[in-house]
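Asks: Pasting the sequence and the predicted coordinates here, then a few questions.
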Number of protein chains: 2
Amino acid sequence: MMSLPIFCTVADLRTQVGDWRRQGLTVALVPTMGALHEGHLTLIRRGLALADKVVASVFVNPTQFGPNEDFAAYPRRVSEDAALLQGAGASGLFAPTVAEMYPDGFVTTITVAGLSEGLCGTFRPGHFDGVATVVAKLLLQVGPDVALFGEKDYQQLQVIKRLVRDLDIPVRIEGVPTVREADGLALSSRNAYLSAEERAIAPSIHRTLSAMAEALRAGADVASQEAWGKAQLLAAGFASVDYLEVRAADGLALLLTVDRSARILVAARLGKARLLDNIPV
Amino acid sequence: MMSLPIFCTVADLRTQVGDWRRQGLTVALVPTMGALHEGHLTLIRRGLALADKVVASVFVNPTQFGPNEDFAAYPRRVSEDAALLQGAGASGLFAPTVAEMYPDGFVTTITVAGLSEGLCGTFRPGHFDGVATVVAKLLLQVGPDVALFGEKDYQQLQVIKRLVRDLDIPVRIEGVPTVREADGLALSSRNAYLSAEERAIAPSIHRTLSAMAEALRAGADVASQEAWGKAQLLAAGFASVDYLEVRAADGLALLLTVDRSARILVAARLGKARLLDNIPV
């Protein structure tokens, strides 16, 4: 029996959140694009540790996809998502339509300069404007105390933290460590695009990043490690590597040497999938 | 004796607003750049009719001024402003520093496309990005039930209404009719830039707009009225007319004929001042 409340309009959602507020309850938000997996459910459970109620949103946001990207193909299975959310203890699902999010006459864009450039920003022009704008909207629609995002999309997490600080959105942003398969592959809705053969290749991402992190901690040179890592991935069978870079963990500045807390970030293409991952150094 | 509470940080301001909220009180915000006049005080009084508490902000926002504009010269007199606000019944003054509004690392910009183009947007590139960003911040810092803006800056009011709708900022935006001198000159902090001679010329703006509105209501042609109005202002002694246009009152679309609720908008230069005005048709 499904008892998870599903809200399709901002008005209905706000009525529910307003009721919780009047009861003195705190609220967490977990924004997602659906096709939920254990990584998302970990966010829900972490949300329940931080707030009384957890709302998940499921919205495949068209404005963060480029014209040649997988907006149409992106997996959509909202009833399975609802069942998973209920199982994880979520308090509600916000599933707006595109027309509810972007009504006639919508013209506003939020740009987080600097952090949105480089890495995925180079390969997905406009992507982070779409992310920043829709996340700001979700935060202002729900009005949560805390919102949770996976570290798997690390640049996105940095953009959102900056957005919230810069616009004074009254919410705390919580990053949650990436959940992985036993072989190290980061969970992602886009892993569904992989053939069996590609799935066997995919864990080389995490093996490569882990080896790089170890070498960097032992004092290896950043540029030669980046070159080594790219060669590893291509040798393993990846079609191409969009980027594999060592950056400052806070603010994503380019690093010539690991002189502060750092992060190794990668995007690489394998069959129809573009896989992201990152780990701390 | 001055008892108006003045808040210089977002944290102090939010503590006060939080106290009011816990008492069940509603809050209005009147964002200003200071150098207050009767137009601003009218906004305060209207705010007191709509909410229990009215906060005015005074912040001369650098990001909405172009490099050759009057940011440095813009009148600043915050202690006089505080006295006027107290006299009008305001409940608090928020007067942040530039560093409080734009701390180190600030990189976020909000753009409201379409409405920010044309009219003042043509002559002040980036101006409305600065306005949209700072107004979003003020709304999110204060969290008011209602925020009040003068119709004197009519394009700005349209941009802000759209911004709030598009980003789902939970606030009602209230436009308040322009307050005028006895001779029709719209009150503006920038009227202080006028010499006595220029001050005598300035009311020809309102006379010209009023004559145009009457002619348009009687069926006169839009393009010829615009041309007539510009010639009137130049003949009266204005140095130049940035624009004088008839636009749709809601959304500011260009109008060839007055087939819906319309607005005549003007910006014209006189000495060191660039004067704005607008009236409904």
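Replies: Alright, I've got the coordinates.

Asks: Mind listing the residues bridging to A:Y243?
Replies: Each beta-bridge partner of A:Y243 is listed here: A:A267, as defined by DSSP bridges.

Asks: That one: what's it in contact with?
Replies: Contacts here follow C-beta atoms under 8 Å, 6 or more residues apart in numbering or on different chains; on that basis A:Y243 touches A:G118, A:L119, A:C120, A:T122, A:F123, A:L265, A:V266, A:A267. Any C-beta I mention is one placed from the backbone N, CA and C, and that applies to glycine too.

Asks: do you know how far the last one is from chain B?
Replies: What that stands for is A:A267. 22 Å (C-beta to the nearest C-beta, to the nearest Å).

Asks: With A:Q155 as the reference, measure out to that residue.
Replies: Relative to A:Q155, A:A267 is positioned 9 Å away (criterion: C-beta to C-beta, to the nearest Å).

Asks: anything in contact with each of the two?
Replies: With C-beta under 8 Å, 6+ apart, A:A267 and A:Q155 have common neighbours A:L119, A:C120.

Asks: number of nearby residues for A:R22?
Replies: Counted with other C-beta atoms under 10 Å in any protein chain shown, the neighbours of A:R22 add up to 8.

Asks: cool, the one 5 residues further on as well?
Replies: Number of residues near A:V27 (other C-beta under 10 Å) recorded here: 24.

Asks: residue contacts, the residue positioned nearest the centre of chain A?
Replies: Most central in chain A under C-alpha atoms, centre = their mean is A:D153, positioned 4.0 Å from the mean C-alpha point. A:D153 sits next to A:L276 when contact means C-beta under 8 Å, 6+ apart.

Asks: quick one: contacts for the residue of the stretch 151-281 of chain A found nearest chain B?
Replies: Per C-beta to the nearest C-beta, the residue of the stretch 151-281 of chain A with the smallest distance to chain B is A:D166, at 3.6 Å. Applying C-beta under 8 Å, 6+ apart, one finds that A:D166 lies in contact with A:V112, B:F106, B:V107, B:T108, B:K137.

Asks: go again using 6 Å as the cut-off
Replies: B:F106, B:T108 (C-beta atoms under 6 Å, 6 or more residues apart in numbering or on different chains).

Asks: Relative to B:G24, how far out is it?
Replies: Between A:D166 and B:G24 the distance, using C-beta to C-beta, works out to 31 Å.

Asks: same deal with A:P62?
Replies: The spacing between A:P62 and B:G24, counted by C-beta to C-beta, is 41 Å.

Asks: Compare these two and say which is more crowded by neighbours.
Replies: Neighbour comparison, A:P62 and B:G24: the larger count goes to A:P62, with 14 against 7 (by other C-beta under 10 Å).

Asks: Could I get the contacting residues of that one?
Replies: By C-beta under 6 Å, 6+ apart, the residues touching A:P62 are A:F71.

Asks: phi, psi of it?
Replies: Here the main-chain torsion angles of A:P62 (degrees, to the nearest 10) amount to phi -60, psi -30.

Asks: Now do it, the pLDDT please.
Replies: In this model, A:P62 is scored at 97, pLDDT.

Asks: what does chain A have sitting close to chain B?
Replies: In this structure, chain A approaches chain B at residues A:106-114, A:136-137, A:140-141, A:163, A:166-169, judged by C-beta under 6 Å from any C-beta of the partner chain.
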